[in-house]
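Q: Could you work out the structure for the sequence below:
(2 chains)
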Amino acid sequence: MAVDLIRIRNLKTYFFQGKGILSKLFGQGLKIVHAVDDVSLTIKKGRTFGLVGESGCGKSTLGNTIFRLVEPLEGEILFNGRDVVKMNPEELRAFRQNAQLIFQDQFGCLNPRMTVGQIIAEPLLMRQGAQARPEDIAREVAELLSSVNLDPDAAVKFPNEFSGGQARRIGVARAIALEPEFIMADEPTSGLDISTAATILNLMQDLQDKMDITYLWVSHNLNQVKYMSDDMAVMYLGKVVEMGQTKEVFEQMAHPYTKALISAVPQVDTEQQKKTIFLKGEIPSPINPPSGCYFRTRCPQAFKRCEEEEPSLLDLGGEHYCACHLLSN
Amino acid sequence: MSEPLLEVSNLTLDYNLGNRKMRALDRISFTLDKGQVLGVAGESGCGKSTLGLAILRLLPRVAEIRRGEVLFNGANLLKLSEEQMEQEIRGQKITMIFQVPQNALNPVFKIETQMTDILRVQDKYQNPGSRKRRKDFRQQAIERLELTGIADPQARVSNYPFEFSGGMKQRVMIGMALSSGTSLLLADEATTALDVTIEAQINRLITRLAAEYGTSILYVTHNLGVLSEMADRIMIMYAGRIFEMGETQNVFGSPRHPYSAALLESLPSRQSKGKRLLSIPGFVPPLDRLPSGCSFHPRCAFAEEMCRQKVPPLTEVADGHWSACLLDQKRGRQKWQWT
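A: Got it, this is the predicted structure:
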């Protein structure tokens, strides 16, 4: 059985709107955005945890909260047993060396005025400080570049000289520079062509095998999450509605939202083609979520109880959880 | 029964950038029948967006059409005057929806203003001497919004684009694009920026309205899954050329070009976990430095000497199934097993 790397318990991240002086003057009330609302999940060491949901469901905020780029309101994030929320700046810096991010915007995250060599050397210099010898750093940068299948000559070029797929690999090289235990990849193949995306997926799998990295894979591409991840969670309006081993979730999906989401993914193979469940409308605003079950306004199977009572995550056995009243009726 | 609506033959187009000449479309020939959906797929830079713009003649000034013709209902669009294009074709018989709806809508005007503008122009050219008033156009705009499934269209028509979500903006675009007069809809990556659940809704809306009005669709996307569910026929493009064309189930079920086969094999949905995905070596060549012969030969696992020398013509290899591969044409049907 794999060891737990990250355990999140009852995590809440809210954003407050209307705190400014203008809203106070004009008497608008405080609006609360429930971005992450009471989420608990466990990410196992050496595995890939997929996080899916529509835009605005809080998946990126959850990721950012793990790194404390956004401060949570309450809850705990245990990383190797230590609570990230309670870390002091010194400890937080050590933690952030051990946990890295790969961003969605492959060019936005690379400084256009720095060479690729400088970009990748930066985390190395941060760790080694003044004792770093330039020739050691240069050698390490070259090794990192070749480990992401880029030519070591790339170190002297600037980010704009690279294609989207190559820029993404530079981001990967920087993320693995400090040999982290954990990497969060936020939509790592968005905007890439089919065969370039395949290159990135292959690369990230090779790195995981070689360096035993744990991934949090945030994506709305369900085909990709099915292919890449071992465990997964489906989020809706800040809450986890279903969670379990990926194989289990795809084969025994229990929540109506998961079913709709999976059925909406267009498939190439005709034998896989299924009846698409069309959801009504769009995701409601997280400022005024519906009463009871958040999904009830779009759910094809909603009934009276969904309006009155919020469903809690039910254990379906085999580490498969689902929050839906249909299961307890 | 099938009647051709759009017949493109030998369309060849260059972008002249200084001393660099880029052939963005190279001898493109295809037909689109009335009421059909033709899907166009390929990697970025293969010319699939240029094709849509060339049909509407919305190309930048550096573009030059070298030869070929675009027959629409029998009339060559390339020979029409700019006035005729404006009055009869663009926004009238042929309409287009774009990838990023927020860029296609003007942020400082209400939805009503933008929709009634189009309706007024359509009305002006379609019924000269019509005496419709502002109120009538507003009513028509509300009807269009209702048709595309926007809740409370009476109130929403007075909103600004920023008050609409991405999916709703795309609905507005569809409402503007599809009318009883439209016979061809060009959709360029129309749902790429949307979530899967919204994407499914929008694609269903496009297919339903197109069927209702008997509109043909040229659907450009790089999402092969979407095409598999929407398109009657598929066209795979690479570096400005058509590599393969045929009925959807034939192209996806038994591809006759190694490039199409490779694209399908690099999809994660076709592989089980832990198995490596195919990634085609190399990259799409820049259009001003295309390799000799078959432009795909440096990346193709099956390439032989003749692929380096001869440009493969697009040939009918089975009934209604076209492929541009010398090896396939020489040896007949074979399975392109990359891995």
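
Q: ok, how many other residues are close to the closest residue to chain B within the stretch 201-329 of chain A?
A: Going by CB to the nearest CB, chain B is nearest to residue A:266 of the stretch 201-329 of chain A, at 3.2 Å. For glycine as for every other residue, the C-beta is placed from the backbone atoms N, C-alpha and C. Counted by other CB atoms under 10 Å in any protein chain shown, the residues lying close to residue A:266 total 22.

Q: Quick one: residues contacting it.
A: B:196, B:199, B:200, B:223, B:225, B:226, B:228, B:229 (CB atoms under 8 Å, 6 or more residues apart in numbering or on different chains).

Q: Rebuild those as TSV, extending it with secondary structure.
A: What follows is the contacts of residue A:266, written out as TSV (DSSP: H, G, I helix; E, B strand; the rest coil):
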residue	secondary structure
B:196	helix
B:199	helix
B:200	helix
B:223	coil
B:225	helix
B:226	helix
B:228	helix
B:229	helix
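
Q: if I look at the residue of the stretch 101-250 of chain B at minimum distance from chain A, how far off is residue B:199?
A: Residue nearest to chain A within the stretch 101-250 of chain B: residue B:225 (3.2 Å; CB to the nearest CB). Distance from residue B:225 to residue B:199, counting by CB to CB, to the nearest Å: 10 Å.

Q: Return the residues of the stretch 51-200 of chain B in contact with chain A.
A: Within the stretch 51-200 of chain B, the positions lying close to chain A (CB under 8 Å from any CB of the partner chain) are B:151, B:165, B:167, B:168, B:195, B:196, B:197, B:198, B:199, B:200.

Q: State whether the first one is indeed within a strand.
A: Yep, that's residue B:151 we're talking about. No: Residue B:151: not assigned to a strand; according to three-state DSSP it is coil.

Q: Neighbours of it, how many?
A: 12.

Q: Repeat that for residue A:131.
A: Residues near residue A:131, counting by other CB under 10 Å: 6.

Q: any idea how far residue A:120 is from it?
A: 19 Å.

Q: Residue A:8 against residue A:72, yeah?
A: No: if you go by CB atoms under 8 Å, residue A:8 and residue A:72 don't touch, sitting 9.5 Å apart.

Q: Could you count how many residues lie near residue 39?
A: Assuming you mean chain A. By other CB under 10 Å, neighbour count at residue A:39 equals 23.

Q: nope, chain B
A: Residue B:39 - counted by other CB under 10 Å - has 26 other residues nearby.

Q: sec struct for it, please.
A: Assignment for residue B:39 (three-state DSSP): strand.

Q: helices and strands of the chain: which one bottoms out on pLDDT?
A: I'll assume chain A. When the helices and strands of chain A are scored by mean pLDDT, DSSP states H and E, helix A:21-25 comes last with a mean of 68.

Q: that's the other chain; I wanted chain B
A: For chain B, counting by mean pLDDT, DSSP H and E, that's helix B:101-104 with a mean of 81.

Q: ok, then the element right after that one?
A: Moving toward the C-terminus from helix B:101-104, the next helix or strand (DSSP states H and E) is helix B:111-126.

Q: Can you give me the buried ones in that following helix?
A: B:111, B:112, B:114, B:115, B:116, B:117, B:118, B:119, B:122, B:123 (16 or more other CB atoms under 10 Å in any protein chain shown).

Q: So which elements touch that helix?
A: helix B:134-147, helix B:166-177 (3 or more CB pairs under 8 Å, 6 or more residues apart in numbering or on different chains; DSSP states H and E).

Q: Surely the residue of the stretch 101-250 of chain B closest to chain A is in contact with residue A:269?
A: No: Residue B:225 lies out of contact with residue A:269 (CB under 8 Å); the separation is 9.1 Å.

Q: so what sits against both of these two?
A: residue B:269.

Q: who has more neighbours, those two?
A: Applying other CB under 10 Å to residue B:225 and residue A:269 shows that residue B:225 carries more neighbours, namely 21 against 14.

Q: Minimum distance to residue B:3: which of the helices and strands packed on helix B:111-126 has it?
A: helix B:166-177 (22.1 Å; CB to CB).

Q: Specify the next element, helix or strand, located C-terminal of that closest one.
A: strand B:184-188.

Q: Which residues does that next one contact?
A: So strand B:184-188 is contacted by B:5-6, B:32, B:49, B:52, B:55-56, B:72, B:93-99, B:177-178, B:206, B:210, B:215-221 (CB under 8 Å, 6+ apart).

Q: Strands along the chain, start to end?
A: Let's take chain A. For chain A, applying DSSP state E gives strands covering A:4-17, A:31-44, A:48-52, A:74-79, A:82-83, A:99-102, A:182-186, A:214-218, A:231-236, A:239-245, A:314-315, A:321-322.

Q: that's the wrong chain, I meant chain B
A: B:4-17, B:20-33, B:37-41, B:63-72, B:75-76, B:94-97, B:184-188, B:216-220, B:233-238, B:241-247, B:315-318, B:321-323.

Q: what pairs with the fifth one, and is each one parallel or antiparallel?
A: The reference is to strand B:75-76. strand B:63-72 (antiparallel) (DSSP bridges).

Q: Tell me where the chain is predicted with low confidence.
A: In the absence of a named chain, chain A is used. Residue ranges of chain A with pLDDT under 70: A:1, A:19, A:22-28, A:270-274, A:329.

Q: sorry, should have said chain B
A: In chain B, residues with pLDDT under 70: B:1, B:180, B:333.

Q: how about 80 then?
A: B:1-2, B:101-102, B:130, B:178-181, B:193, B:270-274, B:331-335, B:339 (pLDDT under 80).

Q: Quick test: name the residue nearest the centre of it.
A: Per CA atoms, centre = their mean, the C-alpha nearest to the average position across chain B is that of residue B:220, at 3.0 Å.

Q: Over to chain A?
A: Central residue of chain A (CA atoms, centre = their mean): residue A:218, at 3.2 Å.

Q: beta partners of that one?
A: Going by DSSP bridges, residue A:218 forms beta bridges with residue A:51, residue A:186.

Q: which ones are touching it?
A: A:51, A:59, A:60, A:63, A:184, A:185, A:186, A:187 are the contacts of residue A:218 under CB under 8 Å, 6+ apart.

Q: if I read this right, the fifth one contacts residue A:104, doesn't it?
A: No: applying CB under 8 Å as the test, residue A:184 and residue A:104 come out as separate, 10.9 Å apart.

Q: More neighbours: these two, which one.
A: residue A:184 (26 against 19).

Q: Tell me which residues touch the more buried one, please.
A: A:63, A:66, A:67, A:99, A:100, A:101, A:102, A:215, A:216, A:218.

Q: one more time with 6 Å, if that's ok
A: Applying CB atoms under 6 Å, 6 or more residues apart in numbering or on different chains, one finds that residue A:184 lies in contact with A:63, A:101, A:216.
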